[in-house]
Structures are given as C-alpha cells and as structure tokens.
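A.B. asks: this one's structure only:
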C-alpha cells in the first residue's frame, strides 16, 4: 500500500511556501469521494505555522449525500520537516496541528470501507484548539482498477 511503498519528503516547508488559510477553521468535512474503483484513499494534510489543531477521522458513507455514516479505522504517519518519518499507526482518529512544518498522511483502505458496507468516503476534522493553523488537505485515490473505470471525477 501507499505508506509501505512510498517515501514522503516535506520538500516545501512554510519557509518556502506562503502560508495558507486556517485549515481547521471550524469543523470541516472534505468532499465526498466515490471509492468504487480504488483500493485506498490517501489524504495528505500539510501543516505550517499556527497553534490550532483538530481531531481528524475518516468517515464512510452510504451515498454522495450521506444519510448513514460511520467512522472507520485507517493507517496514518506523521512526517516532520524536513524528512523525519514517524511510525505507521492504525487509529480511528488522530489529533493534527500541534507542530509546525508537519505532514500527516492518512490512508483508508477500501477493505475497511467494505466492512462498514459503504462505498463513499470523506475526511472530517473537528476543531480542537480554535486558533489559526496554516495548511492544506489533498486526497489521492490509489490502486485504481483500470483507466477505463475512472470517471472524470471521483468527487461527488
């Protein structure tokens, strides 16, 4: 899987990239992503300066507009600048934000999603410390079945 086969480097710390807006400004949820054709979804949270933090979880849902949801366990790794790799850990939530120049890589597998009986996924962050935190959140679908199965967008 992604965390086992990829070495991630914090190549653009806050000293190089201009500060982003408050990434955890209030409770947030990512777009809902269709996992039909993927083996996993990798969320990358890059954090710069600021003292805010949030409790992050991965949520499985029954549809593009969720009626039923459940938090699922995921694997994550914390990487501090410039390239200090933390251990890969399984959890149902993780607190992100205390340190600056940090990356959290979160991987949710389609197998965990299937155990919950759902086909969609999103990241949810509940603000823990309500101070600004520079950063951004990206998502990558991994292990796509084939190019023919991929629609122009998986975000629903």
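C.D. replies: The structure has been received and is ready for your questions. These figures come from a predicted structure and were not determined experimentally.
A.B. asks: residue closest to the middle of the chain?
C.D. replies: residue 43 (2.7 Å; CA atoms, centre = their mean).
A.B. asks: host element of residue 63?
C.D. replies: Taking DSSP states H and E as the definition, residue 63 sits outside all helices and strands.
A.B. asks: quick one: buried residues of the top helix by length along the chain?
C.D. replies: As assigned by DSSP state H, the longest helix anywhere in the chain is helix 110-116. Applying a neighbour-count criterion of 16 or more other CB atoms under 10 Å, one finds 110, 112, 113, 116 buried in helix 110-116. C-betas here are computed from N, CA, C, even on glycine.
A.B. asks: repeat for stretch 114-134
C.D. replies: For stretch 114-134, by 16+ other CB under 10 Å, it's 116, 118, 119, 120, 121, 122, 123, 124, 125, 127, 133, 134.
A.B. asks: so the fourth one sits against residue 35, correct?
C.D. replies: In this case it means residue 120. Yes. With contacts counted by CB atoms under 8 Å, residue 120 reaches residue 35, the gap being 6.4 Å.
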